[in-house]
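Asker: I'll drop the sequence and a predicted model, then ask my questions.
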Amino acid sequence: MHDSFVFVFFRRMRTPLVVLISAYAIATVGFTLMPGVDDQGNPWRLSLFEAFYVVSYTGSTIGFGEVPYEFSSAQRLWTVVCIYLTVTAWLFSIGTIISLVQDPVFIRTLQRRRFRRTVEGIDQPFYLVCGFGDTGRLLTEALSRQRYPLVVVDHNAGKIDSLSVETHRAPVASFCMDASHPDNLIQAGLRSRWCIGVMAVTGDDRVNLKIAVTAKLLNRNSAVHARADRRSVADNMRSFGTNNVISPIDEYVRRMRLAIEKPATFRLYHWLQTGPDARIPDVRRPPTGHWLLCGFGRLGQALHAMLVDAGMSVTVIEAATDRKGLPEGTVRGRGTQAETLLEAGIERSVGILATTPNDVDNLSILITARQLNDKLFFGVLENGLSSHALFQAAEPDFIGQPSSVIAGNILASIRSPLVQPFFAQLLAREDGLNGELLDRLTDPKDPSRPELMSLRISERRAPALAQMIGSGQSVTVGAIETAGHQDGRRPITVLLLRRGQDERLLPHETTELTLGDRLLLAGDSRLERQLRILLNNPDRLGTTGLTAP
């Protein structure tokens, strides 16, 4: 569909303009033909210009009078005709204009034109967020706080309207459009050299897949972060180089397994990999024994396989008993009624997981189960953040929030390309070592999670530090961790050191740094800014004792 403002305007105003121009033409020509007399009594007729002049003020009902001479009866008769002819034409045209400006198609055309001009005017790195559900909202708020401009698109006009009245710390351009169409993504700035990241976080796997494919083909320099609920879609995304694919199902299962097998690792991983307002979870270790699993969709099937692999016995409760792959002994029902839970053996169970796609049902399962056996470990899936207050009031032991998990994963990956390698090594470590790291990163005065930062030792990124190392001075990991530190703030911790192909998790403080090293740091966001100032200022850097003795 052609979205040119001028094209749409003239297409809709074609008939009124023809009527208006015809009325003025007839009136003007008619005046030149009407006989009149001048002030000397000689025959006289209006020239074409004089006729148009008279019609102009007559048609607009201004009425300057009879000029340059008094009109004859024929001219006055024609003036009456002109008045009704031109006023009627104007009323028809004005009515059409009023109807046009109220037309949803015309309004969308104006908005699209304004949106396109706003996107074209962005002259600094920005992110394109496709989908403004819970995940998109969390990403928009977090990235806006980091002063990144954003372009947000969603097919739901209500969500876009709600975004347009919100206040953000950075510019946010939003428009209602289908992100699965490549042309729409191009209008949203996908091909702009300032577009540094695309986030496909709609609730439809097919749309996310198409966004990811389009982004990788049309802007290879832009990082693509995509949500994928189905494993086949996730594998497809990874096959063509999608930078970060997040499966909420895999994340839920991974965190549940960690809670069972490595509780300290779970607390650390959950803290660093969830949304910007995450806190260290105070979760008791899930017990070993018989479990109830309510809901056998994709998440339920993955959890069932994980629990069985962990040595648990599991009874599934599922309303759709014709679902393929149901294990033997499945109890028919939703789990919201006491009879169903008793039939499944809740009295001899140690835990229950409510994983249906309906939040009301999950809450009902939780409340009913607690009345029957309050010693259970209660795990629940929170599908949407709109019911978060209710889930908090229900006090489950474990809450799975897909939106927060996806947003936290993307935000962590944005901070540094070393984040994913760090977590891969973290999950492979012994639980006790990760517990020590958790204690090291925890600040009793500040329960918020530390900021993850990236540092590359190069002439461009850290000129003062690079100059110091290039001159032969020794700079260690410990010196970086203490540089610029002030009492009362969480100190900086070097989480990962990448040197060429070698990656070192938690390098020793005596490790000497070299040009080209990449570091993943964790610490207070204010310390990050102070550290970057130091690394770019040779005079200040020399006073910090950064060099090794």
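Answerer: Okay, I see it. Numbers count the residues shown, from 1 in each chain.
Asker: when you work out contacts or count neighbours from here on, use the C-alpha atoms and nothing else.
Answerer: OK.
Asker: what's the spacing between residue 332 and residue 317?
Answerer: Residue 332 is 6 Å from residue 317, where distance means C-alpha to C-alpha, to the nearest Å.
Asker: list residues touching both of those two?
Answerer: residue 340 (C-alpha atoms under 8 Å, 6 or more residues apart in numbering).
Asker: ok, these two, which is more surrounded?
Answerer: residue 317 (26 against 17; other C-alpha atoms under 10 Å).
Asker: residues in contact with the helix or strand hosting the more buried one?
Answerer: Under the criterion of DSSP states H and E, residue 317 resides in strand 313-318. Applying C-alpha under 8 Å, 6+ apart, the contact partners of strand 313-318 are 289-296, 304, 307-308, 326-327, 329-335, 340, 344.
Asker: narrow those residues to those in strands?
Answerer: 290, 291, 292, 293, 294, 331, 332 (DSSP state E).
Asker: considering the residues you listed, which possesses the most neighbours?
Answerer: Neighbour max across the ones in strands among the contacts of strand 313-318 (other C-alpha under 10 Å) = residue 294, 28 neighbours.
Asker: isn't that residue up against residue 351?
Answerer: No: between residue 294 and residue 351 there is no contact under C-alpha atoms under 8 Å: 11.2 Å.
Asker: now the helices for the stretch 151-300 of the chain?
Answerer: 157-164, 182-187, 205-218, 231-239, 248-261, 263-273, 298-309 (DSSP state H, counting those that start in this stretch).
Asker: let me have those helices in TSV, adding mean pLDDT as columns.
Answerer: Below are the helices of the stretch 151-300 of the chain laid out as TSV (pLDDT from 0 to 100):
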stretch	mean pLDDT
helix 157-164	88
helix 182-187	94
helix 205-218	95
helix 231-239	93
helix 248-261	93
helix 263-273	92
helix 298-309	94
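Asker: please identify the most buried of the ones you listed.
Answerer: The highest average neighbour count among the helices of the stretch 151-300 of the chain, using mean count of other C-alpha atoms under 10 Å, belongs to helix 263-273 at a mean of 23.
Asker: before we move on, back to that, distance from the strand holding residue 317 to the middle of the chain?
Answerer: On the basis of C-alpha atoms, centre = their mean, to the nearest Å, strand 313-318 is displaced by 36 Å from the centre of the chain it belongs to.
Asker: show me which positions of it end up buried.
Answerer: Residues of strand 313-318 classed as buried: 314, 315, 316, 317, 318 (neighbour count, 16 or more other C-alpha atoms under 10 Å).
Asker: nearest to residue 23 among those?
Answerer: Of all the buried residues of strand 313-318, residue 318 has the smallest distance to residue 23: 73.8 Å, by C-alpha to C-alpha.
Asker: the closest one and residue 86, how far apart?
Answerer: Residue 318 sits 73 Å away from residue 86, going by C-alpha to C-alpha.
Asker: what sits closest to residue 140 if chain neighbours are left out?
Answerer: Distances taken as C-alpha to C-alpha, 6 or more residues apart in numbering place residue 150 nearest to residue 140, at 7.2 Å, with adjacent residues excluded.
Asker: where's the one you found relative to residue 203, distance?
Answerer: 20 Å.
Asker: who has more neighbours, the two?
Answerer: More crowded of residue 150 and residue 203, by other C-alpha under 10 Å: residue 150, with 25 against 16.
Asker: ok, back up a step: quick one: the strand holding residue 317 to strand 290-294, angle?
Answerer: Taking axes from the mean of the first three to the mean of the last three C-alpha atoms, to 10 degrees, one finds strand 313-318 and strand 290-294 inclined to each other by 20 degrees.
Asker: what strands flank strand 313-318, and is each parallel or antiparallel?
Answerer: Strand 313-318 has the following strand partners under DSSP bridges: strand 290-294 (parallel), strand 331-332 (parallel).
Asker: what pLDDT does residue 515 get?
Answerer: With respect to pLDDT, residue 515 scores 92.
Asker: how about the secondary structure of it?
Answerer: coil (DSSP: H, G, I helix; E, B strand; the rest coil).
Asker: quick check, residue 244 in contact with residue 234.
Answerer: No: under the criterion of C-alpha under 8 Å, residue 244 makes no contact with residue 234, lying 9.8 Å away.
Asker: measure residue 480 to residue 442 for me?
Answerer: From residue 480 across to residue 442, the span is 19 Å (C-alpha to C-alpha).
Asker: check residue 124 too.
Answerer: From residue 124 across to residue 442, the span is 35 Å (C-alpha to C-alpha).
Asker: still on that earlier bit, which one of the ones in strands among the contacts of strand 313-318 sits closest to residue 186?
Answerer: Taking the ones in strands among the contacts of strand 313-318 together and measuring to residue 186 by C-alpha to C-alpha, the closest member is residue 294, at 43.2 Å.
Asker: and that closest one, what is it in contact with?
Answerer: Going by C-alpha under 8 Å, 6+ apart, residue 294 touches 300, 316, 317, 318, 334, 335, 352, 353, 354, 355, 356.
Asker: looking at residue 124 and residue 442, which one has more neighbours?
Answerer: A direct count of neighbours by other C-alpha under 10 Å for residue 124 and residue 442 places residue 442 higher, at 19 against 11.
Asker: give me the distance between the more buried one and residue 137.
Answerer: 28 Å.
Asker: thought residue 383 was touching residue 402, still the case?
Answerer: Yes: between residue 402 and residue 383 there is a contact at 6.7 Å, judged by C-alpha under 8 Å.
Asker: just want to know which of these two has more residues nearby.
Answerer: Neighbours per residue (other C-alpha under 10 Å) separate residue 402 from residue 383, with residue 402 holding more: 24 against 20.
Asker: that one: what's it in contact with?
Answerer: 248, 249, 252, 382, 383.
Asker: give me the element the most centrally placed residue in the chain is part of.
Answerer: The centre of the chain sits closest to residue 136, judged by C-alpha atoms, centre = their mean, with a distance of 3.1 Å. Using DSSP H and E, the element containing residue 136 is helix 134-145.
Asker: contacts for that helix?
Answerer: 129-130, 149-150, 168-172, 201-202, 275-276, 384-385, 403-404, 406-407, 411.
Asker: quickly note the distance from the nearest residue to residue 57 once chain neighbours are set aside to residue 273.
Answerer: Nearest residue to residue 57, sequence neighbours excluded (C-alpha to C-alpha, 6+ apart): residue 63, at 5.6 Å. Separation of residue 63 from residue 273 (C-alpha to C-alpha): 75 Å.
Asker: of the strands paired with strand 313-318, which is nearest residue 453?
Answerer: That would be strand 290-294 among those, by C-alpha to C-alpha, at 39.3 Å.
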